[in-house]
Every structure is written in C-alpha cells, then in structure tokens.
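Visitor: Build the 3D model from these lines:
(one chain, ligands or ions: 1)
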Amino acid sequence: MFSGIPLFPEQASTLAPRVDNLYFFIVAVTAFFALAVTVVVIYFAVKYRTDDPLAVGASIHGSIPLELAWSIVPFIISIVIFAWAADVFFDIVRPPNQTLEIYATGKRWMWKFQHIDGQNEINELHVPVGRAVKVTFTSEDVLHSLFFPAFRVKADAIPGRYSSVWFSATKVGEYHLFCAEYCGTKHSGMVGKVVVMEPAAYQAWLTGGVVGGSLAARGEQLFNDLACNSCHLNDGKGRGPSLVNKFGSPEELSNGTVVTVNESYVRESILTPQAKLVATYQPLMPTFQGLLSEENVMALIEYVKSLKTSSGGVAEASATAPHDTPTTGAQENR
Ligand code: CUA
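Guide: This next block holds a predicted model:
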C-alpha cells in the first residue's frame with residue numbers, strides 16, 4: 001500500500017504492513033491536528049484583526065463542553081493508538097510456536113549467521129519465503145543492532161545476552177540487512193543482504209556445501225571433547241543433571257525459584273555455572289567463560305535441544321536423530 005513511497009523500504013514480511021499501517025495512522029492523526037490548529041490560528045488572526053491599538057478582547061470564563069471535548073477526544077485517540085500498537089508489538093515480540101531457527105553473531109564488523117544444519121554465512125542470510133524464521137543472536141564485542149528494514153524488525157545485539165527477532169517473508173527477493181547501532185569506525189560497512197527464496201530453492205541451497213555436519217552434531221562433538229558428558233550423564237546419575245528433555249522445561253533451582261530452560265539459561269549455565277544452580281546439585285562445574293566462541297555455545301545449545309527421549313523412554317543422545325520439533329526445515333521435507 002505504501003511501498004510506492006520511495007522513503008519506505010519494501011514490505012516483505014507479514015509484520016511489515018501492520019507496522020506501516022500503524023505508523024501511517026499516527027502520522028495522519030498528527031498531520032490532521034497540526035493542520036487543523038494552523039488553519040484555525042490563521043483564520044482567527046484574519047477574522048479578529050484590528051487596527052485599534054487599545055482594543056481589549058472579550059473575557060471568556062471557560063466552557064465545560066469545550067473542555068470535555070478536548071480531553072475526551074485525545075484520550076480516545078491515544079487509547080486507540082495504544083491498543084493497536086500493543087497488538088502489533090505482541091506479534092513482533094512473540095514468535096509463532098514453530099519457527100525455523102537461525103543463530104547469529106554480531107562482531108566488529110560483520111554479521112555471522114549459523115544455520116541449524118551446519119551452514120555458515122557472513123553478511124548474507126538465506127531464508128525460505130512464507131515460513132516463520134527466528135533469528136537468535138548476540139554480540140561478541142560491543143552493542144550492535146540487527147535490522148531487517150523490509151521486514152520491519154530490529155533488535156540490539158548485546159554482549160553476554162541473547163536477543164531474537166522473527167519474521168515471515170512474503171516475497172522472494174533480496175533485501176538489506178543492517179547494523180543499526182553505531183559500533184565503531186566501520187559501522188556503516190556492517191551491512192549485508194537477506195535472500196528470500198522459494199522453499200525448493202532454499203532446500204537446494206541448504207543441502208549444498210554443508211561442512212562439518214549439523215550444528216547439534218558439532219555441539220555433541222564439543223560436549224564430548226570438553227568432557228561435559230563425564231558429569232551430565234543421560235541416566236541422571238551423574239554429578240551434573242541429565243540434560244535429556246531439559247530444553248523448554250521448567251527447572252527448579254537451589255534457591256527455590258524455577259526457571260524455564262531456554263537458550264539464555266543454557267548459555268548462562270555454560271559460562272557462569274554457579275549463577276543459577278539446579279536444586280540438589282553441587283556447584284562443581286567449572287566456568288567455560290573465555291574458552292568457547294559464541295558459535296560453539298550455540299552449537300552446545302542446539303545439542304541440548306536435540307536431547308529428547310523417544311517414546312520408549314530411552315534417550316536419543318545422537319544429534320543426528322530426527323528432531324521432534326519441526327524447527328529444522330531441511331529435515332522436515334526430506
Ligand atoms: Cu555493528 Cu554498527
């Protein structure tokens with residue numbers, strides 16, 4: 001609807017028209033009142049002009065209907081904007097249940113994208129059209145901000161923390177992606193493109209040039225190499241808790257509180273294991289702060305996600321086993 005206006009990037013996601021419609025509504029309301037006030041000021045200035053330097057205006061002692069009108073009308077308009085914006089905001093911050101998951105890292109001065117199936121990309125991101133995609137990301141150094149103008153989503157990349165954006169692209173094509181937070185000398189060069197492809201073309205792209213197996217498989221390798229598996233036994237009898245079926249579940253901590261095991265919690269547990277200790281376990285785990293790259297942390301998280309019991313109650317410790325969750329597009333259609 002508004003993409004003909006050259007000031008605005010293309011609308012290429014399901015969220016884009018919703019964000020734009022709200023934006024243009026606010027602009028229209030603002031323009032209407034700005035114009036109305038200007039016109040009335042000019043009209044009155046002309047109508048009540050006088051050459052008599054001693055003229056005194058009529059004394060007016062308020063008007064209840066007028067005061068009610070200028071209180072109630074703006075109130076209603078504000079509430080409409082609030083409710084509308086809240087609706088759009090919730091859709092932006094709450095991804096649908098089934099998304100294609102992609103990890104990303106911002107660093108001076110590039111964006112590195114990591115697909116679950118193992119592909120890496122730098123300053124380029126390939127996604128399928130018509131599918132909800134969630135990008136979970138962090139920064140390796142300073143604040144960056146991942147911005148997809150055509151999808152109307154943006155979030156800061158914060159060192160030591162995960163942020164995420166989600167979108168469902170509606171049009172095949174190439175679109176900009178930017179760093180939208182001044183991060184240093186080459187901030188303006190921290191740009192890239194997102195390539196939206198037909199699902200079949202995306203599958204073909206995904207299966208071409210995989211090196212080193214899936215992200216979860218790399219995580220499994222790391223899990224063994226770092227000897228995590230010597231404490232986190234799958235039968236729950238280890239010195240550390242079993243990680244099978246942990247992802248997405250609530251976990252009781254030693255201080256009595258309960259957390260949901262998500263990407264941020266797994267990350268924190270790897271880098272600062274004592275921060276949120278699982279109830280009944282001893283604080284034995286060493287920190288891996290400084291020993292793991294962000295990509296390796298992401299691989300370990302994917303491995304933890306892949307640890308699910310099959311129907312027989314036996315842990316499928318192999319990351320190459322089919323996922324229960326349809327978050328991995330490549331496997332879904334094979
Ligand atoms: Cu990274 Cu600006």
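Visitor: When you work out contacts or count neighbours from here on, use the C-alpha atoms and nothing else.
Guide: Noted.
Visitor: give me every residue that touches the residue in the stretch 201-334 of the chain positioned nearest to the ligand.
Guide: Nearest to the ligand, among the residues of the stretch 201-334 of the chain, is residue 294, at 16.1 Å (Cα to the nearest ligand atom). The contact partners of residue 294, taken as Cα atoms under 8 Å, 6 or more residues apart in numbering, are 105, 138, 140.
Visitor: wait, which of these is closest to residue 275?
Guide: residue 138 (19.3 Å; Cα to Cα).
Visitor: Could you verify my assumption that the closest one touches residue 157?
Guide: Yes. Contact criterion Cα atoms under 8 Å: residue 138 and residue 157 qualify, at 4.8 Å.
Visitor: Between the two, which contacts overlap?
Guide: Joint contacts of residue 138 and residue 157 (Cα under 8 Å, 6+ apart) are 105, 106, 163.
Visitor: what's the following helix or strand after the longest helix along the chain?
Guide: Identified as the longest helix of the chain according to DSSP state H is helix 16-47. The helix or strand immediately downstream of helix 16-47 is helix 64-93, counting by DSSP states H and E.
Visitor: Just the angle for that next one relative to helix 16-47, thanks.
Guide: Counting by axes from the mean of the first three to the mean of the last three Cα atoms, to 10 degrees, helix 64-93 lies at 160 degrees to helix 16-47.
Visitor: hang on, the earlier thing: could you list which of the contacts of residue 294 belong to strands?
Guide: If you go by DSSP state E, these have 105, 138 in strands.
Visitor: Mind picking the lowest-pLDDT entry from the contacts of residue 294?
Guide: Sorting the contacts of residue 294 by pLDDT puts residue 140 at the bottom of the list (91).
Visitor: what separates that residue from the ligand, distance-wise?
Guide: To the ligand, residue 140 is 10 Å away according to Cα to the nearest ligand atom, to the nearest Å.
Visitor: what do you get for residue 31?
Guide: Applying Cα to the nearest ligand atom to residue 31 and the ligand gives a distance of 33 Å.
Visitor: which parts of the stretch 101-250 of the chain sit against the ligand?
Guide: 109, 144, 179, 180, 181, 182, 183, 187, 190 (Cα under 6 Å from any ligand atom).
Visitor: Could you export these to CSV, including columns for secondary structure, pLDDT and neighbour count?
Guide: Below are these laid out as CSV (DSSP: H, G, I helix; E, B strand; the rest coil; pLDDT from 0 to 100; neighbours: other Cα atoms under 10 Å):
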residue, secondary structure, pLDDT, neighbour count
109, coil, 89, 19
144, strand, 96, 30
179, strand, 95, 26
180, coil, 95, 20
181, coil, 94, 18
182, coil, 95, 14
183, coil, 94, 18
187, helix, 94, 17
190, coil, 94, 23
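Visitor: In CSV: the shared contacts of residue 138 and residue 157, plus neighbour count and distance to residue 23.
Guide: Listed next are the shared contacts of residue 138 and residue 157 as CSV, based on neighbours: other Cα atoms under 10 Å; distance: Cα to Cα, whole Å:
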residue, neighbour count, distance to residue 23
105, 26, 30
106, 28, 29
163, 21, 24
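Visitor: Below-threshold pLDDT in the stretch 101-250 of the chain: ranges please.
Guide: In the predicted model of the stretch 101-250 of the chain, residues 209-212 satisfy pLDDT under 70.
Visitor: go with 80
Guide: Residues of the stretch 101-250 of the chain meeting the criterion pLDDT under 80: 208-213.
Visitor: The nearest residue to residue 13 once chain neighbours are set aside - how many residues pack around it?
Guide: Computed as Cα to Cα, 6 or more residues apart in numbering, the closest residue to residue 13 that is not its neighbour in sequence is residue 169, at 4.2 Å. Look at residue 169: counted by other Cα atoms under 10 Å, it has 25 neighbours.
Visitor: Give me the phi and psi for residue 169.
Guide: phi -70, psi 140 (degrees, to the nearest 10).
Visitor: Residue 281 too?
Guide: phi -100, psi 150.
Visitor: try residue 154
Guide: phi -160, psi 140.
Visitor: so residue 176 touches residue 146, yeah?
Guide: No. If you go by Cα under 8 Å, residue 176 and residue 146 don't touch, sitting 10.9 Å apart.
Visitor: Comparing these two, which shows the higher neighbour count?
Guide: residue 146 (27 against 17).
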